[in-house]
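# Kindly generate the corresponding structure for this input.
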Amino acid sequence: MQGTTLRTLEFDRVREALGREALTPLGRARVAALAPATAPDAVRAALALTAAASAFVAETGSLAISSPEDLDTILAVLAIDEQPLDPLALLGLARLTDSAVSLRPPTGARTASRRGGPRPRAPACRRS
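Numbers count the residues shown, from 1 in each chain. Prediction:
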């Protein structure tokens, strides 16, 4: 895409505004790397994803994910064998996983038609 088109669309301002809304450092990094799609299939896919996200927010109220600012450092520590996390890092990861779990649609909101059919259930575990 030509620079004049990007300036006309104020893509940089749109990206900056979106970056201010990102709640995690990884989200802000993804926003900073965004570039406009130009291939028709990519544009259609992006529009479909945007429509799905809008519908999800309308249905559930939020797409917010919470994480510690040093998430990238915490994830790097996790990659090191036998390297323990400090308690604050563990709390940060717990906050991240709790917020990610909250993004699941409410029970009953997931329909078979939206998901392409019923989801298989995991077999129940028995205690010995």
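
# alpha carbons only for contacts and neighbour counts from here, please
Fine.

# where do the helices sit along the chain?
Taking DSSP state H as the test, the helices found in the chain are 3-9, 11-21, 25-32, 40-60, 71-78, 87-101, 112-115.

# end to end, how far does stretch 31-49 reach?
Start-to-end span of stretch 31-49 (CA to CA, to the nearest Å) is 15 Å.

# List the buried residues in that stretch.
Buried positions in stretch 31-49, judged by neighbour count with 16 or more other CA atoms under 10 Å: residue 31.

# Need the helices of the chain in a markdown table (columns: mean pLDDT).
Converted to a markdown table, the helices of the chain look like this (pLDDT from 0 to 100):
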| stretch | mean pLDDT |
| --- | --- |
| helix 3-9 | 78 |
| helix 11-21 | 90 |
| helix 25-32 | 90 |
| helix 40-60 | 91 |
| helix 71-78 | 87 |
| helix 87-101 | 89 |
| helix 112-115 | 42 |
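
# distance of residue 100 from residue 42?
Using CA to CA, we find residue 100 at a distance of 26 Å from residue 42.

# and what of residue 49?
Per CA to CA, residue 49 is found 11 Å from residue 42.

# Residue 34 and residue 16 touch, don't they?
No: counting by CA atoms under 8 Å, residue 34 stays clear of residue 16, with 10.5 Å between them.

# OK, contacts around the residue nearest to residue 69 when sequence neighbours are not counted?
Take residue 69 and drop its neighbours on the chain: the residue closest to it by CA to CA, 6 or more residues apart in numbering is residue 25, 6.0 Å away. For residue 25, the contact set (CA atoms under 8 Å, 6 or more residues apart in numbering) comprises 69, 70, 71, 72.

# cool, residue 104 as well?
Taking CA under 8 Å, 6+ apart, we find residue 104 in contact with no residue.
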